[in-house]
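Chemist: Just the structure for this:
(one chain, ligands or ions: 1)
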Amino acid sequence: MNKSIYMDHAATTYVKPEVMEEMLPYFTTYFGNPSSIYTLARETKKAIDIGRDKVAKAINADSSEIFFTSGGSEADNWAIKGIASAYKKKGNHIITTVIEHHAVLHTCEYLAKNGFDITYLPVDEYGFINIKDLENAITDKTILVSVMFANNEIGTIEPIKEIGALCRSKKILFHTDAVQAVGHIPVDVKEMNIDLLSLAGHKFYGPKGIGALYIRKGIKIENLIHGGGQERGKRAGTENVASVVGIGKALELAVTNMEENNKKLVYLRDKLMNGLLKVPYTRLNGPIGEKRLPGNSNICFRFVEGESILLMLDAKGIAASSGSACTSGSLDPSHVLLAIGLIHEIAHGSLRLTIGDETTEEEVDFVLETVPNVIKRLRDMSPLYDDFLKKGEK
Ligand SMILES: *Cc1c(COP(=O)(O)O)cnc(C)c1O
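Modeler: A predicted model of the protein is given here:
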């Protein structure tokens, strides 16, 4: 097989042709500035309204509660810094978790340097937070709880509805980074008592560089970009019209076919996961069953380096990801794998394969043939494995 196999959908996705097709006229034919008053501008204004309606509908929000951003990171930054700033008179305490995306973690670290007090909730061996820990962490200074909807590395889906109910009962704002969830699993901001939610187009077959922050009606938040009156004065700048059209269309497609798609994804994902776990000295990271994202598999192979697995898979045309060292430019393995209790040596051997809508059973079969050979070759060269064979478990 020479074709390249893409199993890194949690990192980003391609843009679906139907999405691309709807976007194209907004680069050429309908290029008017939505803020202008002539007919040409009315077309783009209308397109933005429709895109906003589609995003709102997909998460059961009102269109007036959707604010477009440049992506997931910007939405996370805005939610946390914007609430911190608007509510700093009320309190300086924020609660989040140890397994958040860096867009949340680094924002919290920034705030910690500026007088805020951050509590990082631990997670159990599968990546779940404990509601009791959250309840115990709340003080009269707590202004915001930020817990991700689903983890990008190990696929854990957090108890969002319970968290939302608790926060609402304590009158504390609840933000969720739902970048891995929206367009993949059901998300309902009303039913789940979510006050702020981040999403990004390129994680569900929409374009890169566009995302949104849902801000529940009535919530105070510091404006993000000062300038013209776009996004109701909260985030100025001429709208990214084509991308708004694209994110709306992509999300509409994603929620329409969700249940059907997920059945197929779960079947292929389980085949992939169970096949890889047949390799000796492996472990699954993250939960099994309904509390795992349908497309996510994450497995540690002992005695090898994730980075080396990726390079050898790349040579076979397979694109994957790892929570290991050099990919991220740091020597520490993934903070998520450490948080679920793995020691460095084991965490370094992780392989994340995230499948998508066009993944085929043939591709899964090819990966299942290829990975065990790659692991065998790497172990044959591994001093750790050699040591283990000689001395056994220490
Ligand atoms: C991808 C991702 C982000 C960042 O989104 P960008 O659009 O790349 O800025 C944030 N959080 C999670 C959970 C993600 O998977």
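Chemist: all contacts plus neighbour counts: C-alpha atoms, from now on.
Modeler: Will do.
Chemist: Write out the residues of the stretch 101-250 of the chain neighbouring the ligand.
Modeler: Residues of the stretch 101-250 of the chain found near the ligand, taking Cα under 6 Å from any ligand atom as the criterion, are H101, A103, N151, N152, D177, V179, Q180, A200.
Chemist: Now do the buried residues in stretch 47-55.
Modeler: Counting neighbours by 16 or more other Cα atoms under 10 Å, one finds that the buried residues in stretch 47-55 are A47, I48, I50, G51, R52, D53, K54, V55.
Chemist: For that stretch, the averaged confidence score.
Modeler: Averaged across stretch 47-55, pLDDT comes to 98.
Chemist: Output the below-cut-off pLDDT ranges for this structure.
Modeler: Within the chain, the ranges that satisfy pLDDT under 70 run 1-3, 324-331, 394.
Chemist: Which residue ranges of it form helices?
Modeler: Remark: helices of the chain, listed N- to C-terminal, are 17-23, 39-58, 72-86, 102-112, 131-137, 160-169, 241-256, 258-276, 306-315, 335-339, 344-347, 361-380, 383-391; assignment by DSSP state H.
Chemist: looking at those helices, which is buried most?
Modeler: Each of the helices of the chain was assessed for mean neighbour count using mean count of other Cα atoms under 10 Å. The highest is helix 241-256, with a mean of 24.
Chemist: Run the chain-centre distance for that one.
Modeler: On the basis of Cα atoms, centre = their mean, to the nearest Å, helix 241-256 sits 17 Å off its chain's mean C-alpha point.
Chemist: now it against helix 39-58, angle please.
Modeler: Using axes from the mean of the first three to the mean of the last three Cα atoms, to 10 degrees, one finds that helix 241-256 and helix 39-58 are set 30 degrees apart in direction.
Chemist: by contact count, what packs against helix 241-256?
Modeler: Judged by 3 or more Cα pairs under 8 Å, 6 or more residues apart in numbering; DSSP states H and E, the packing partners of helix 241-256 are helix 17-23, helix 39-58.
Chemist: ok, now how distant is S4 from G211?
Modeler: Using Cα to Cα, to the nearest Å, S4 is found at 28 Å from G211.
Chemist: Those two: who's more crowded?
Modeler: Comparing S4 with G211 by neighbour count (other Cα atoms under 10 Å), the higher total belongs to G211, at 28 against 13.
Chemist: For the more buried one, which residues count as its bridge partners?
Modeler: The residues paired with G211 through beta bridges, assigned by DSSP bridges, are T69, A200.
Chemist: wait, isn't it in contact with D76?
Modeler: No. Using Cα atoms under 8 Å as the test, G211 is too far from D76 to be in contact (10.2 Å).
Chemist: Spit out the residues that contact these two alike.
Modeler: Each of S198 lies in contact with both G211 and D76 under the rule Cα atoms under 8 Å, 6 or more residues apart in numbering.
Chemist: Just read off the phi/psi values of the residue positioned nearest the centre of the chain.
Modeler: If you average the C-alpha coordinates of the chain and look for the closest C-alpha using Cα atoms, centre = their mean, you land on Q180, 3.2 Å from that point. In this entry, Q180 is assigned phi and psi values of phi -90, psi -10 (degrees, to the nearest 10).
Chemist: My read is that it contacts N152, right?
Modeler: Yes. A contact is recorded between Q180 and N152 when judged using Cα under 8 Å, the distance being 6.1 Å.
Chemist: distance of the closest residue to D314 other than its chain neighbours from W78?
Modeler: Here the nearest residue to D314 in space, its sequence neighbours aside, is A320; by Cα to Cα, 6 or more residues apart in numbering that works out to 7.9 Å. Using Cα to Cα, one gets 30 Å for the distance from A320 to W78.
Chemist: and if you look at N92?
Modeler: When Cα to Cα is the yardstick, N92 and W78 sit 16 Å from each other.
Chemist: that older thread, in JSON lines: the helices of the chain, plus distance to L284.
Modeler: Supplementary listing: the helices of the chain in JSON lines, determined by distance: least, Cα to Cα, whole Å:
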{"stretch": "helix 17-23", "distance to L284": "34"}
{"stretch": "helix 39-58", "distance to L284": "32"}
{"stretch": "helix 72-86", "distance to L284": "27"}
{"stretch": "helix 102-112", "distance to L284": "23"}
{"stretch": "helix 131-137", "distance to L284": "24"}
{"stretch": "helix 160-169", "distance to L284": "23"}
{"stretch": "helix 241-256", "distance to L284": "27"}
{"stretch": "helix 258-276", "distance to L284": "8"}
{"stretch": "helix 306-315", "distance to L284": "14"}
{"stretch": "helix 335-339", "distance to L284": "11"}
{"stretch": "helix 344-347", "distance to L284": "11"}
{"stretch": "helix 361-380", "distance to L284": "15"}
{"stretch": "helix 383-391", "distance to L284": "19"}
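Chemist: This completes my enquiry, with thanks.
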